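1. this one's sequence-less:
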């Protein structure tokens with residue numbers, strides 16, 4: 001199916017893009033890599049009257065470090081950040097703004113305590129990724145706002161992180177994905193942890209029960225297994241074509257344990 005008719009805009013600057021969005025209001029949608037919005041438009045699930053393309057806007061792509069923070073431009077492609085096999089068109093900012101409940105980036109960036117920088121003609125604001133996504137395909141972005149950058153605080157030397165997922169065989173989205181960031185103290189015990197899960201619920205979620213089970217403990221195999229077993233606690237699971245609720249809880253525990261083991265091993269290496 002073809003998309004419904006729309007007017008196309010290709011601003012050359014962030015100021016021009018923000019002015020367009022302010023003028024067009026709810027009738028406009030922003031497109032960055034086109035991997036999420038365009039399929040919805042072809043299915044007529046989204047029918048914007050105006051499409052504002054950010055690909056010609058300078059200053060929104062690239063990775064840099066500033067004052068102890070890694071800054072990732074919203075138009076930075078997945079290829080520039082991670083897996084070379086991931087398509088070159090999709091962007092980090094676009095993935096976050098699309099807020100697919102099974103996407104990888106929201107879990108990884110939540111575990112890293114990252115924030116997004118949001119701009120409009122009225123100014124800028126910064127929101128934690130954890131608060132940015134509020135539900136399936138829903139964020140706190142207002143109609144006239146643009147996600148311009150992602151800010152990731154540099155982790156301490158005594159930390160390690162990992163992301164493990166069971167991908168859907170067709171889409172490669174996560175059936176369950178677990179991101180873990182572990183900080184060890186001088187004794188080798190868990191000083192702090194952030195564990196985020198994607199794919200299980202209607203949005204990315206912190207695995208608070210796992211974090212509580214790790215706090216202050218020496219992360220040996222038994223402790224990690226016991227903590228990981230609580231990965232699905234607090235998340236409403238339902239039977240569907242993928243599997244039963246019990247199956248999903250078990251998979252979450254398995255992949256949480258894998259992520260925790262890798263994160264701890266990396267923290268000890270550092």
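-> The structure has been received and is ready for your questions. These figures come from a predicted structure and were not determined experimentally.
2. where exactly do the strands run in the stretch 101-250 of the chain?
-> For the stretch 101-250 of the chain, the strands defined by DSSP state E, counting those that start in this stretch cover 115-120, 123-128, 133-135, 138-139, 146-153, 159-167, 174-184, 190-198, 205-206.
3. per-domain residue ranges of this structure.
-> The record assigns the chain these domain ranges, following automatic domain parsing: 7-153, 159-269.
4. start and end of the first one, how far apart?
-> Looking at domain 7-153, the gap from its leading to its trailing residue is 39 Å under the measure CA to CA, to the nearest Å.
5. what's the answer for stretch 47-63, then?
-> 33 Å.
6. show me what counts as buried in that stretch.
-> Going by neighbour count (16 or more other CB atoms under 10 Å), the buried part of stretch 47-63 is 48, 50-52, 54, 57, 60-61. Glycine gets a C-beta too; all of them are placed from N, C-alpha and C.
7. okay, these in CSV with distance to residue 15 and pLDDT next?
-> Below are those laid out as CSV (distance: CB to CB, whole Å; pLDDT from 0 to 100):
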residue, distance to residue 15, pLDDT
48, 21, 90
50, 17, 94
51, 19, 90
52, 13, 93
54, 13, 93
57, 9, 92
60, 12, 90
61, 17, 90
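8. can you tell me which of these is nearest residue 136?
-> residue 48 (18.8 Å; CB to CB).
9. what's near enough to touch the closest one?
-> Residue 48 is in contact with 6, 27-29, 41, counting by CB atoms under 8 Å, 6 or more residues apart in numbering.
10. can you list the low-confidence ranges for this structure?
-> By pLDDT under 70, the weakly predicted segments of the chain are 82-89.
11. relative to residue 125, which of the buried residues of stretch 47-63 is nearest.
-> Nearest to residue 125 among the buried residues of stretch 47-63, with distances taken as CB to CB, is residue 60, at 16.7 Å.
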